[in-house]
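> give me the fold of what follows.
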Amino acid sequence: MHPIAFFLLILLTSFSSGVCWGDSTPIQTSEEIIVSATPIPLSESHVGSSVSVVTPKPNMNAFSLQESLKSIPGLSLTNQGSPGSQSSIFLRGAPSHYTAVYVDGIKMSNPVNADRSFDPAHLSIDTIERIEILRGPQSILYGSDAMAGVISITTKKGTQDPRGTLFIEGGSYGTVRQSTTLQGSAWDFSYAFNLNRIVIEGFSEASNTPIETAEKDPYGLLALSARLHYAPNTDHHMGVMFSVRESEKGLDSYDYKTNALRDDPNNFQTTSTWLARVEGKYTFDAESEHPLVVTVHSDITNHQYDNKDEKDSPTDFPSTGTFNGMNWTVGTEGHWYYPEAHVLSLNLEREYERGAFKSSYGQMDPKDATTHHASIQSQWIFWEILSLTFGGRLTHHNQFGWAPTYRTTGALLVSALNTKLRATLGSGIKNPSLRHLYDQTAGNLDLKPEETVAWDIGFETSFWRNYFTLRTSYFSSFYSNLISFKQITKHIEGRETKSFIYFNQKAQRAHGLENEFIFQPTTWLRLALHYTYTKSIRSPEELAQLRVPTHQWGFALTAPLGPKGELTVDLNHVGRRFDYPYELLSAYTLVNLSALYPIGEHFKITGRVQNIFNTKYEVVKGYRTPGFSVYLGLEATI
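Modelled structure (predicted):
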């Protein structure tokens, strides 16, 4: 059945269900507040965008950011082998670098990477309080890079009462994870500090090497974060956030002659990332009916990583190099609540990026770029049932000049049917990175910005006393001027030399269907099922987007464990998909189990069993993945 026909069938079925169950209570306006979809926080019932909210349980069923997102419709997740290896997040069939990642409002993109992408492998899950996944182009709110959507991460804030948490976990592959958190408040100040350490002996990532004789690829991480907040009242506040992460990961080397991964005991990558943000909010005429709220912020991120593979490399192309990138953003935004049921938001921002690298594959001397943004959005709520937003943004890049983007959303509550209808239409832009332009080997100053236009429609309905909830979205996206690279022949001093160059391809189109079905009759019993259909094709070759499966589905069941504990079983199926060099990877199904059980008031025992049936599979071609593994932890709160 065609996805659009399937979508209409589900819609009609849900409407008829709402009419038949006359005793079902009206849909309840969710208390969930969405902070990423509009310039100001908004009740979920009034949000027209497709948004998912995740509250991770880091000491129970999530080790990494990717594990927290594995059941989210529309997402395809990959990592190159063991924990700490390079990870990617594909949203709605788009290339992974079209998804922008923000931590406490700080843009995490790395300007020294070829596509300005951010590797989430080293994000510490222990500090995360909430994750919002915002689907569809978001350039009007988030500027360049947010062509497919945004993942907005909020870290833990200070609690009302001082509290300290100690956590230690150990298990398979020589894993030891330790976390210390201190949260609290005093007078008008609040604070949260976290220290996180991970050590993993690991395993060989080269799947073509017998694991019994292969060398191990270890991983180590040390992360420190702090978040301070001063709020004398709800109308004014100041905040400071700081984080630093150091990591080292053992890697194997890719042999381009045989298109295979080779064991390499001397290949290591070290990374160092620090970020900081200062923000403030002031409300003018706070007591009036039409207040003006103004916020200012300054963010800075610094990324450095080094590849070391200089001794006894098993390939002819050892991967060595040093990479440095920095991003600095300053901005202000204002929100005017006038007239009634309307908010007008204006945002001004300046972004500066700088990067340089020198490696065995190329070199870029220090280069920089400056981008200015100005956006305006009008948001209306009529009769508490209809919400509309209209907005536009102008982006000025010092290399490419001005570029406009737009976005409009709508949400309609139909209380008689216990249903919310929603739709969006928007455009996005992504400017070429510093490496795209200035890489001495492959750079191309004639590149054009990548662009997208996308729309989606969806609904959410609840029935049978709101025990059941069904969410469905259909999306369609079109991307143009995609940047890729190709081999070319250069004539230097009368000799032919093979080289590579970045260039703009023609286009890519994607469409799909995202479904989520939730049964929750009580607070302690919850069953969530998800299914995603994605079709993403790149023109003119008519080739599928690599590493994005056509079909993904699964479920997660959470039930009580004894009088106080909690048990979760989750199953995730990933369908067949293509990987480099356009070889078909087999589908696989993983089953995991996690549990948490309190002991008294101050202690909790946690346990995780991953890949219960020891399934053999590859997420990325040539890279071994974890088998059956067990982890046991203890959490103490004082």
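
> sheet-wise, list the partners of the longest strand along the chain with their directions.
Using DSSP state E to define each element, the chain has its longest strand at strand 362-382. Paired with strand 362-382 in the same sheet, following DSSP bridges, are strand 342-359 (antiparallel), strand 386-397 (antiparallel).

> spit out the contact partners of Phe284.
Phe284 sits next to Pro291, Leu292, Val293, Val294 when contact means CB atoms under 8 Å, 6 or more residues apart in numbering. Placement of C-beta: from N, CA and C, glycine included.

> and those residues, which of them are in strands?
Leu292, Val293, Val294.

> nearest to Ile72 among the residues you listed?
Checking the ones in strands among the contacts of Phe284 against Ile72 with CB to CB, the nearest one is Val293 at 31.0 Å.

> got the buried residues for stretch 591-603?
Residues of stretch 591-603 classed as buried under the neighbour-count rule (16 or more other CB atoms under 10 Å) are Val591, Asn592, Ser594, Ala595, Leu596, Tyr597, Pro598.

> tell me the most packed of the contacts of Phe284, by neighbour count.
Counting neighbours by other CB atoms under 10 Å, Val293 leads the contacts of Phe284 with 21 neighbours.

> right, so of the strands paired with strand 362-382, which gets closest to Thr441?
Among those, strand 342-359 comes nearest to Thr441, with 9.8 Å by CB to CB.

> ok now the closest one, how far from the chain's centre?
Taking CA atoms, centre = their mean, to the nearest Å, the mean C-alpha location of strand 342-359 is offset from the chain mean by 18 Å.

> buried stuff in it?
Quick answer for strand 342-359 (16+ other CB under 10 Å): Val343, Leu344, Ser345, Asn347, Glu349, Glu351, Tyr352, Glu353, Arg354, Gly355, Ala356, Phe357.

> swap in stretch 603-612?
Using 16+ other CB under 10 Å as the test for burial, stretch 603-612 gives Lys604, Thr606, Gly607, Arg608, Val609, Gln610, Asn611.

> just how off-centre is stretch 214-225 within its chain?
For stretch 214-225, the distance to the chain centre is 21 Å (CA atoms, centre = their mean).

> any idea of the mean pLDDT for stretch 109-127?
What stretch 109-127 shows for mean pLDDT is 87.

> let me know the secondary structure of the nearest residue to Ser345 once chain neighbours are set aside.
Among residues not flanking Ser345 along the chain, Pro39 sits closest, at 3.7 Å (CB to CB, 6 or more residues apart in numbering). Under the three-state scheme (DSSP: H, G, I helix; E, B strand; the rest coil), Pro39 adopts coil.

> quick one: contacts for Pro39?
Contacts of Pro39 by CB under 8 Å, 6+ apart are Leu141, Glu333, His335, Val343, Ser345, Asn347, Gln377, Gln379.

> least confident pick among these?
For the contacts of Pro39, the weakest pLDDT value sits at Leu141, with 87.

> was I right about that residue contacting Ile376?
No. Here Leu141 lies out of contact with Ile376, judged by CB atoms under 8 Å, at a distance of 11.3 Å.

> anything in contact with each of these two?
Common contact partners of Leu141 and Ile376 (CB under 8 Å, 6+ apart): Asn347, Gly391, Arg393.

> not counting its neighbours along the chain, what's nearest the last one?
Think Arg393. Spatial nearest neighbour of Arg393, excluding adjacent residues (CB to CB, 6+ apart): Ser375 at 3.8 Å.

> picking up where we left off before, who has more neighbours, Leu141 and Ile376?
Ranked by neighbour count (other CB under 10 Å), Leu141 and Ile376 place Leu141 first, with 25 against 15.

> right, and the secondary structure at that one would be what?
Strictly by three-state DSSP, Leu141 counts as helix.

> again with the one 4 residues further on
Three-state assignment for Asp145 (three-state DSSP): coil.

> for the ones in strands among the contacts of Phe284, which one is nearest Phe242?
Nearest to Phe242 among these: Val294, at 23.8 Å, using CB to CB.

> please name the bridge partners of the closest residue to the closest one other than its chain neighbours.
In space, and not counting its chain neighbours, Val294 is closest to Gly334: 4.7 Å by CB to CB, 6+ apart. When bridges are called by DSSP bridges, Gly334 pairs up with Val294, Leu346.

> burial check on Gly334, number of neighbours?
Gly334 - counted by other CB under 10 Å - has 16 other residues nearby.

> point out where the chain drops to low pLDDT.
Where the chain drops to pLDDT under 70, the residues are 1-31, 58-62, 212-213, 309-318, 490-494.

> neighbouring strands of the helix or strand Leu590 falls within in the sheet, and parallel or not?
Assessed by DSSP states H and E, Leu590 sits inside strand 588-599. If you go by DSSP bridges, strand 588-599 pairs up with strand 565-574 (antiparallel), strand 603-610 (antiparallel).

> list every C-alpha atom in it, with coordinates, as PDB.
Extracted C-alpha coordinates of strand 588-599, given in PDB (Å, rounded to 0.1, in the frame of the first residue of the first chain):
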ATOM      1  CA  TYR A 588      18.700  -7.300  12.200                       C
ATOM      2  CA  THR A 589      16.600  -7.300  15.400                       C
ATOM      3  CA  LEU A 590      18.000  -6.500  18.900                       C
ATOM      4  CA  VAL A 591      16.300  -7.300  22.200                       C
ATOM      5  CA  ASN A 592      17.400  -5.600  25.400                       C
ATOM      6  CA  LEU A 593      16.400  -5.800  29.100                       C
ATOM      7  CA  SER A 594      17.000  -3.200  31.800                       C
ATOM      8  CA  ALA A 595      15.900  -3.000  35.400                       C
ATOM      9  CA  LEU A 596      16.000  -0.600  38.400                       C
ATOM     10  CA  TYR A 597      15.200  -1.500  42.000                       C
ATOM     11  CA  PRO A 598      15.400   0.800  45.100                       C
ATOM     12  CA  ILE A 599      16.900  -0.400  48.300                       C
END
